[in-house]
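*Asks:* for reference, the sequence and a predicted model appear below.
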Amino acid sequence: MHVQPRSSSIKGPAHMFTGDVWYDVLARAERPSRLRVNLVRFAPGARSAWHAHAVGQTLHVTEGLGRAQVRDHAIVELHPGDTVQTAPGEWHWHGAAPDHFMSHLAVWEAPADDETPEHEWGDHVTDEEYRGR
Ligand code: MN
């Protein structure tokens, strides 16, 4: 057994996020486990850039009001208790609503091999995309 004490929150880097985003790394397991768990907090209007996860991702909303979108699909509202799954390689973004904070757990796995990157990052979500136009 291993007890990992609380670690410092990390500011979401500007090339991956718009607005103020902070995350805590809750789990970053060593192989053979490939488990990754972050607690991510978005300020109102903050969101990820477009991205895709090699092995998919599960989000569980813990607080606030949020938004998410898969490429070429409508924006969906996220509420506390909602669990969202994105498929491997599916391009999407997630973030807070314009006037609410939003927190979610992000759970994913590293790819089975060491060569495949865990994520691919693309363009920022423009204000027009974020507003759903
Ligand atoms: Mn994601």
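*Replies:* Received it, and whenever you're ready, just let me know what you need.

*Asks:* show me what contacts Phe101?
*Replies:* Contact partners of Phe101, counting by CB atoms under 8 Å, 6 or more residues apart in numbering, are 41-44, 63-64. Glycine gets a C-beta too; all of them are placed from N, C-alpha and C.

*Asks:* got a quick ChimeraX command for the buried subset of the residues you listed?
*Replies:* Remark: buried members of those, expressed as a ChimeraX selection using 16 or more other CB atoms under 10 Å:
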select :41,42,44,64
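
*Asks:* in strands only, show me the contacts of Phe101.
*Replies:* Applying DSSP state E to the contacts of Phe101, the entries found in strands are 41-42, 63-64.

*Asks:* do I have it right that Asp100 meets Gly64?
*Replies:* No, residue 100 isn't Asp; it's His. Yes: at 4.9 Å, His100 counts as touching Gly64 under the criterion of CB atoms under 8 Å.

*Asks:* re the thing from before, need the ones in strands among the contacts of Phe101 in CSV (columns: distance to His92 and pLDDT).
*Replies:* Shown next, in CSV, are those (distance: CB to CB, whole Å; pLDDT from 0 to 100):
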residue, distance to His92, pLDDT
Arg41, 19, 98
Phe42, 15, 99
Glu63, 20, 98
Gly64, 19, 98
